[in-house]
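[1] This is a predicted model, with the sequence first.
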Amino acid sequence: MQPIQWFDPESSTYTYLLIDETTRDAVLIDPVDTQLEHDLAALKEHNVRLNWILETHAHADHITSAGQLIEHTGAKAAVPAGCGIQSAARQLQDGDVIEFGGESIRAIHTPGHTAGSMSFLWRNNVFTGDTLLIDGCGRTDFQSGSADALYTSITERLFTLPPETLVWPAHDYRGRAHSSIGHERAHNSRLAHKTRAEFIAIMDALHLPKPRRIDEAVPANLWLGVQHHAGAVDDDAPKVAAGYAGDVSPELAWRWWQSGKAVFVDIRTQAEREWVGFVPDALHVAWKEWPGMAMNPEFDAQIRSVVDASGGKPLVMLCRSGVRSIAAAKRATELGLTAYNILEGFEGDPDAVAHRSSRGGWRYRGLPWRQN
Ligand SMILES: N[C@@H](CCC(=O)N[C@@H](CS)C(=O)NCC(=O)O)C(=O)O
Ligand SMILES: [Fe+2]
């Protein structure tokens, strides 16, 4: 049983259809909005019932048709928990299993191209998204990407699968359809026989142009590509504040970070982060620190270097409840930086969460970093 592969020439994206041939239940991985009619017709032709739509990550180069497919077929979406995709029925964690008919797919968290990216293992096929491409890999220079994390994901999670496992990527720009783990381990020019340091140096030297549609695609994909959410997204503008750049909702901060428009800085203490919870891949510059919640004497230097390393992006600052982050945003503003406060902080104000859930068009599922 092999997956059925479709190609979108506009974005060079592969979409996969997996079928349980006994029950005719099916799963689609990474469908593309402009291919909706093709995909619906093909589902009919194959005489299958679509159970699940899976996304390997929040794509930067095309818009998903997942939201529209849900409307047309009654299927549900399952997405990686760390991608900030708001409107899916299931937020997947590493090791989660998606069942369709008598078949099952295992989610493997493979961060690096984006912090939330996942690969999906079905029988002897692995759908690698933009984590591992044929003779390449996804870029790591936006959407909280990390070459270091990508090296670990590929070498420790994917290359440890049996060598005969077939590799089905989310893209190929040269018409190649699939590969295998054994082949990529031996021949992938970015990874085969490369140390971590060599790989990071290769990724740092790529300097690729930004994907043409990133500013439109990432925000749309955080709502599974469904247009009526766009109104709600536009309403969600920063609010003017005195002494710093403004207040932003948790969702807006998250979208800015994921689309590379801002740097996300967690200013809580290290102890708090350990006890209460991390925001995966957020940068850390403590405002106050133990012992005694004293001001962090290095704050000015550390926050300046975060902005410098980002090429001058605005900051979005997170604390526990949204109080310390105002003070930190004001201080960063005095230093000549552009800094926003994230309303409600890591915890989220329960009243505001309830209010957002009842707002028209929003299907709010908790703060982006809380994965609930
Ligand atoms: N020219 C394409 C570029 C797409 C692009 O950057 N793709 C990302 C995946 S979202 C990537 O990792 N590409 C790998 C590569 O180009 O080596 C566009 O504008 O959409
Ligand atoms: Fe991507």
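    Nice, thanks for sending it over. None of the values given here were measured: they were computed from a predicted structure. Ligands and ions are numbered 1, 2, ... in the order given.
[2] from here on, contacts and neighbour counts on C-alpha atoms
    Will do.
[3] was I right about residue 215 contacting residue 259?
    Yes: counting by Cα atoms under 8 Å, residue 215 touches residue 259, with 6.8 Å between them.
[4] List phi and psi for the residue nearest the centre of the chain.
    The chain has residue 83 as the residue nearest its centroid, 3.1 Å off, counting by Cα atoms, centre = their mean. The phi and psi torsions at residue 83 (degrees, to the nearest 10) take the values phi -100, psi -10.
[5] Just the pLDDT at it, thanks.
    Looking at residue 83, its pLDDT stands at 93.
[6] where's the nearest residue to it once chain neighbours are set aside relative to ligand 1, distance?
    Distances taken as Cα to Cα, 6 or more residues apart in numbering place residue 116 nearest to residue 83, at 4.6 Å, with adjacent residues excluded. Distance of residue 116 to ligand 1, given as Cα to the nearest ligand atom, to the nearest Å: 13 Å.
[7] how many neighbours does residue 116 have?
    Number of residues near residue 116 (other Cα atoms under 10 Å) recorded here: 26.
[8] Check residue 132 too.
    Residue 132 has 32 neighbouring residues, counting by other Cα under 10 Å.
[9] Sticking with residue 247, tell me its helix or strand.
    According to DSSP states H and E, residue 247 maps onto strand 246-248.
[10] which outside residues touch stretch 127-143?
    Residues outside stretch 127-143 that contact it (Cα atoms under 8 Å, 6 or more residues apart in numbering): 56-57, 110-115, 117-121, 145-147, 150, 153-154, 167-172, 176, 178-179, 184, 187-191, 203, 257-260.
[11] May I see the buried residues of it?
    Buried residues in stretch 127-143, counting neighbours by 16 or more other Cα atoms under 10 Å, are found at 127-143.
[12] can you narrow the residues you listed to ones near ligand 1?
    By Cα under 6 Å from any ligand atom, the members of these lying near ligand 1 are 130, 138, 139.
[13] and the second one, what pLDDT?
    Each residue has a pLDDT score; the one for residue 138 is 98.
[14] cool, and the first one?
    Looking at residue 130, its pLDDT reads 98.
[15] need the helices for the stretch 1-150 of the chain, in chain order.
    Taking DSSP state H, counting those that start in this stretch as the test, the helices found in the stretch 1-150 of the chain are 36-45, 66-73, 147-152.
[16] Out of these, name the one with the poorest average pLDDT.
    helix 66-73 (a mean of 92).
[17] Helix 36-45 and that one, what's the angle between them?
    Relative orientation of helix 66-73 versus helix 36-45 (axes from the mean of the first three to the mean of the last three Cα atoms, to 10 degrees): 40 degrees.
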